[in-house]
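Colleague: Sequence first, then the predicted structure:
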Amino acid sequence: MKRRLGLLSLSVLVLIGTLLFLGSAMQTTQADLDAAGFTGAQLVPQVTPICTTHTTGMTLTTSSLTPKVGDRLWVTVTLANEGCGQVGLPEYRLALAPSSYILVLDSPVSITHYVALEPDETDLVTFSLQTIGAGEVALQASASFEVHLGYPGPAYWAYDSTAPVSVSVPVTDTEIVVLQQAAYEMGCFPDILRASDTVYRFGCAVAAGHSIDAQIERFGNEETALTVFAAGQGTGLLEPFHCYPAYKWEYEQETMPKWQAWHRWLAERWIITAHSVDDTGIPVAPSPIVISEAIYRAAIRNRLFGACDRIYLPMACKQ
């Protein structure tokens with residue numbers, strides 16, 4: 001019995017000592033904590049903030065702000081994940097205003113990248129354009145993308161865009177612009193050769209051994225142009241081309257190139273010659289008159305000379 005009382009007394013003493021120690025600890029001052037090397041930040045639990053939305057940024061840069069007619073322009077677009085979520089599957093688009101006959105895209109209208117951007121990561125895409133006319137164009141890129149705020153979600157689609165960037169193409173000889181636009185319509189992008197102050201040419205390979213080329217020659221006045229045009233006619237028969245005088249001739253031989261064809265026409269003080277070549281008996285290159293049509297459309301569009309078309313009026317017979 002005495003042993004049990006002794007054990008009970010010892011337990012009571014241990015409990016009292018523990019309570020006294022805890023009470024002393026609860027009365028610890030800030031000075032005691034500072035002396036022990038503890039800081040307030042160590043005593044506050046750190047909680048990772050929950051991601052509730054996305055933040056992105058986009059920029060657009062160009063290889064030149066003043067490209068010349070005939071230059072290729074490269075546009076680089078950057079998408080940056082500046083937030084806490086994950087951004088993926090960006091689809092990029094490039095808008096041009098005005099949208100025709102100054103800068104034209106020769107890369108896809110939209111480009112999708114199958115990537116996922118973590119916070120602070122970036123993605124780049126490059127668009128290729130052809131410069132086929134003079135003037136000013138505003139470029140602006142945009143992107144739509146999927147956002148994941150954690151996995152498996154929530155997730156949603158979002159959109160961002162760049163600020164507009166202005167590109168200015170300086171004025172050049174109208175003949176260069178006309179041939180550049182005609183070549184573009186024919187599906188090629190050649191260098192336009194200025195053979196002299198008044199002669200402009202381009203050539204383009206259609207396929208191996210098959211090609212097209214064209215020339216515009218400018219004269220001081222219509223009378224001189226007509227004299228030169230008539231001297232080159234030979235035995236060719238005149239045929240109207242949009243009511244402008246024209247003639248054509250062909251050349252076939254056993255050796256390559258086996259087939260060549262020309263179409264020449266006079267428009268005010270300009271002589272235009274279109275030429276196609278096939279080194280085999282199989283016609284692959286477009287007909288010269290097709291080349292002439294492309295040149296005619298570009299010339300009218302750029303006011304090199306006036307439109308000249310036949311208009312057929314109905315005829316009434318009196319009974």
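Modeller: Nice, thanks for sending it over.

Colleague: Which parts of the chain are helices?
Modeller: 2-26, 30-36, 40-43, 174-185, 222-231, 288-301 (DSSP state H).

Colleague: Now find how far off-centre the last one is within its chain.
Modeller: Its chain's C-alpha centre lies 26 Å from the corresponding centre of helix 288-301 when counted by C-alpha atoms, centre = their mean, to the nearest Å.

Colleague: That one packs against which elements?
Modeller: helix 174-185, strand 210-218, strand 239-241, strand 244-252, strand 259-267, strand 270-278 (3 or more C-beta pairs under 8 Å, 6 or more residues apart in numbering; DSSP states H and E). C-beta here means a position set from N, CA and C on the backbone, and glycine is covered the same way.

Colleague: Mind listing what's buried along it?
Modeller: Residues of helix 288-301 classed as buried: 288-296, 298-301 (neighbour count, 16 or more other C-beta atoms under 10 Å).

Colleague: Equivalent analysis for the fifth one, please.
Modeller: By neighbour count, with 16+ other C-beta under 10 Å as the criterion, the buried positions of helix 222-231 are 225-226, 229.

Colleague: In terms of secondary structure, what does it contact?
Modeller: strand 259-267, strand 270-278.

Colleague: got a list of contacts for that helix?
Modeller: Residues from elsewhere that reach helix 222-231 (C-beta atoms under 8 Å, 6 or more residues apart in numbering): 217, 219, 245, 264, 266, 268-271.

Colleague: export it as PDB, just CAs?
Modeller: The C-alpha coordinates for helix 222-231 follow below in PDB (Å, rounded to 0.1, in the frame of the first residue of the first chain):
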ATOM      1  CA  GLU A 222       3.400  56.400-128.000                       C
ATOM      2  CA  GLU A 223       4.700  57.100-131.500                       C
ATOM      3  CA  THR A 224       8.200  55.600-130.800                       C
ATOM      4  CA  ALA A 225       6.600  52.600-129.000                       C
ATOM      5  CA  LEU A 226       4.300  51.900-132.100                       C
ATOM      6  CA  THR A 227       7.300  52.100-134.500                       C
ATOM      7  CA  VAL A 228       9.300  49.600-132.500                       C
ATOM      8  CA  PHE A 229       6.300  47.300-132.000                       C
ATOM      9  CA  ALA A 230       5.500  47.300-135.800                       C
ATOM     10  CA  ALA A 231       9.100  46.600-136.700                       C
END
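
Colleague: got the angle for it vs strand 270-278?
Modeller: If you take axes from the mean of the first three to the mean of the last three C-alpha atoms, to 10 degrees, helix 222-231 sits at 30 degrees to strand 270-278.

Colleague: which residues does the most centrally placed residue in the chain form a beta bridge with?
Modeller: Geometric centre of the chain, nearest residue: Phe127, 3.5 Å, by C-alpha atoms, centre = their mean. On the basis of DSSP bridges, Phe127 is bridged to Val75.

Colleague: I'd say it and Val104 touch.
Modeller: No. If you go by C-beta atoms under 8 Å, Phe127 and Val104 don't touch, sitting 11.1 Å apart.

Colleague: ok, Gln181 - contacts?
Modeller: Contact analysis of Gln181 by C-beta under 8 Å, 6+ apart lists 101, 132-133, 294, 298, 301-302.

Colleague: For the residues you listed, which two are the farthest from each other?
Modeller: Distance extremes for the contacts of Gln181: the farthest pair is Gly133 and Ala294 at 14.4 Å, using C-beta to C-beta.

Colleague: Got the domain ranges for this protein?
Modeller: Using automatic domain parsing, the domains assigned to the chain come out as 56-169, 174-301.

Colleague: Worst mean pLDDT among those domains?
Modeller: Lowest mean pLDDT within these: domain 174-301, at a mean of 91.

Colleague: so how far is it off the chain centroid?
Modeller: Distance, centroid of domain 174-301 to centroid of chain: 30 Å (C-alpha atoms, centre = their mean).

Colleague: before we move on, the earlier item: could the contacts of Gln181 be laid out in CSV, adding distance to Met256?
Modeller: Shown next, in CSV, are the contacts of Gln181 (distance: C-beta to C-beta, whole Å):
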residue, distance to Met256
Tyr101, 37
Ile132, 32
Gly133, 37
Ala294, 26
Ala298, 31
Arg301, 36
Asn302, 36
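
Colleague: Go through those and say which is closest to Ser161.
Modeller: Distances from Ser161 to the contacts of Gln181, taken by C-beta to C-beta, are shortest for Tyr101, at 24.4 Å.

Colleague: ok, the closest one - contacts?
Modeller: Here Tyr101 is in contact with 132-133, 181, 301 (C-beta under 8 Å, 6+ apart).
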